[in-house]
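Novice: Dropping a prediction and its sequence here:
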Amino acid sequence: MTDQTARPRSFAASAPLKGRIAIPGDKSISHRALMLSALAVGTSRVSGLLEGHDVLATAAAMRAMGANIDRTGDGEWVIDGVGVGGLLQPREALDMGNSGTSTRLLMGLVSSHPIATTFVGDASLSGRPMGRVIDPLSQMGADISASPGGRLPLMVRGLAPAVRIEYRLPVASAQVKSAILLAGLNTPGITTVIEPVPTRDHSERMLKGFGATLEVEVEPDGTRWISVMGEAELRPQTIVVPGDPSSAAFFIVAALLVPGSDVTIANVGLNPTRAGLVEVLTAMGGDIELLDAREVGGEPVADLRVRHSLLRGIAVDPAVAPSMIDEYPILFVAAALAEGTTVTTGLDELRVKESDRLSVMAAGLAAIGVRVEESEDGLVIHGTGGDPLPGGATIAGHLDHRICMSFAIAGLVSKAPVTIDDMAPVATSFPNFEALLEGLMEKPHEL
């Protein structure tokens, strides 16, 4: 699925970033829009779909299992679904490329269908453990044969009818929660996921939108009981995908850090389970203004106007981690230019992403002159107080799109250019990242 040719690139000090941009559609919502449209009976239409490699892997998988999926324009897709229970046996292994979301959610989807499905992926994805999904899906009756360590390649032999379960998540994970709920769609009775810490709720919102019977009960301590009624009949929908807050994050931080910048990012999804970064950066002193707050397709959306700000280091509450887990790499870059020290904890999840994001970010930040300390579950970063970073290093991106983009932004505020060894992985989530960045730059200048 991904480009196998390395594409190194250097990023150098930038003049003020100015202008208005529209970012690609939300990756999490795009995946779910394709999957649920493929399970509805009838024709669904999706606009604003992210067309990165990860989402295209989901589209290819749903086609391989019987859905008719056509791209009719830029971000415009039409899907004719097969109905819950109607997935067909794929003729070949499903190639997930670099997409952990595709893999985990589709494992759930096929677990309650009477088909055998093999999942393969690239080197990075094949190193990521799938045990947290394998355990509950096995309890539902799926027979899952994985490579050592619960890794890809793996095969899922689904069971229909599957066994409904009541499952308490041992670690906060929207992907594990979603996998179980998707398996529950074709499972008789009520399947329940108990979530001690709230995670992104796109699956719940979209399942309700497609007509599934889903209930959420919240205990006084915040624990959420999410129940879905099986043997569901989903109705086709028209979906507008908001801009991805995880993609917006790089431009938010760039505008905050590059002196003189004033950038407006249009149509950013601000689901409360995803908006932790805006909350944290605002607490650090970031000038982020929400314009035209509105709701699109059940998701809160706004335009964000972001202006250069001197940030202050803070101790980041670990409770916000589930609402910004993918944004920590770029937060670390923001912290590197803040005044004082930023302390992050509770980030064990970052060690099992596309790379070990804690160790990779710590090593890369140190290489460009940041004072950083790595702990078991977080980083402590001593900021420059707004002074530019030394830079001047080549960063190993480890095939991780968010690492690559984070250090690209760091290059904009460094005295010497920062080189990323391979920018090709960025296409998995943000194909036009570099083009948008270049469009905001006026001209290079010396720091």
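Specialist: In hand now; what should we look at?
Novice: got the residue ranges for the helices in the stretch 1-150 of the chain?
Specialist: 27-39, 53-64, 100-111, 123-126, 131-139 (DSSP state H, counting those that start in this stretch).
Novice: hey, least reliable of these by pLDDT?
Specialist: For those, mean pLDDT drops lowest on helix 123-126, to a mean of 92.
Novice: Export only the CA atoms of it, formatted as CSV.
Specialist: Extracted in CSV, the C-alpha atoms of helix 123-126 (Å, rounded to 0.1, in the frame of the first residue of the first chain):
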residue,chain,number,x,y,z
ALA,A,123,7.0,-3.8,8.2
SER,A,124,5.8,-1.1,10.7
LEU,A,125,2.3,-2.5,11.1
SER,A,126,3.6,-6.1,11.3
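Novice: about what we covered before: now the helices of the stretch 1-150 of the chain in a markdown table, with distance to Glu92?
Specialist: (Each C-beta comes from the backbone N, C-alpha and C, glycine too.) Formatted as a markdown table, these follow (distance: least, CB to CB, whole Å):
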| stretch | distance to Glu92 |
| --- | --- |
| helix 27-39 | 18 |
| helix 53-64 | 7 |
| helix 100-111 | 14 |
| helix 123-126 | 17 |
| helix 131-139 | 22 |
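Novice: now those as JSON lines including mean neighbour count and distance to Ala396?
Specialist: Formatted as JSON lines, these follow (neighbours: other CB atoms under 10 Å; distance: least, CB to CB, whole Å):
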{"stretch": "helix 27-39", "mean neighbour count": "28", "distance to Ala396": "24"}
{"stretch": "helix 53-64", "mean neighbour count": "24", "distance to Ala396": "20"}
{"stretch": "helix 100-111", "mean neighbour count": "26", "distance to Ala396": "20"}
{"stretch": "helix 123-126", "mean neighbour count": "18", "distance to Ala396": "12"}
{"stretch": "helix 131-139", "mean neighbour count": "20", "distance to Ala396": "27"}
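Novice: Show me the one of those helices that comes nearest Pro8.
Specialist: helix 123-126 (17.5 Å; CB to CB).
Novice: helices and strands around that closest one, which ones?
Specialist: Secondary-structure packing of helix 123-126 (3 or more CB pairs under 8 Å, 6 or more residues apart in numbering; DSSP states H and E): strand 151-157.
Novice: Beyond the strand it packs on, next helix or strand please.
Specialist: strand 166-168 (DSSP states H and E).
Novice: between the helices of the stretch 1-150 of the chain, which gets nearest to Pro318?
Specialist: helix 131-139 (19.1 Å).
Novice: by contact count, what packs against that closest one?
Specialist: Secondary structure elements in contact with helix 131-139, counted by 3+ CB pairs under 8 Å, 6+ apart, are helix 100-111, strand 143-147, helix 174-184.
Novice: let's see 10 Å
Specialist: For helix 131-139, the packing partners by 3 or more CB pairs under 10 Å, 6 or more residues apart in numbering; DSSP states H and E come out as helix 100-111, strand 143-147, strand 151-157, strand 166-168, helix 174-184.
Novice: neighbouring strands for the third one, and are they parallel or not?
Specialist: Strand pairing for strand 151-157, determined by DSSP bridges: strand 116-120 (antiparallel), strand 143-147 (antiparallel).
Novice: Run the angle between it and helix 100-111 for me.
Specialist: Angle, strand 151-157 to helix 100-111, by axes from the mean of the first three to the mean of the last three CA atoms, to 10 degrees: 20 degrees.
Novice: and strand 151-157 with helix 131-139, angle?
Specialist: 10 degrees.
Novice: Tell me which of the strands paired with strand 151-157 sits most buried.
Specialist: The highest average neighbour count among the strands paired with strand 151-157, using mean count of other CB atoms under 10 Å, belongs to strand 116-120 at a mean of 19.
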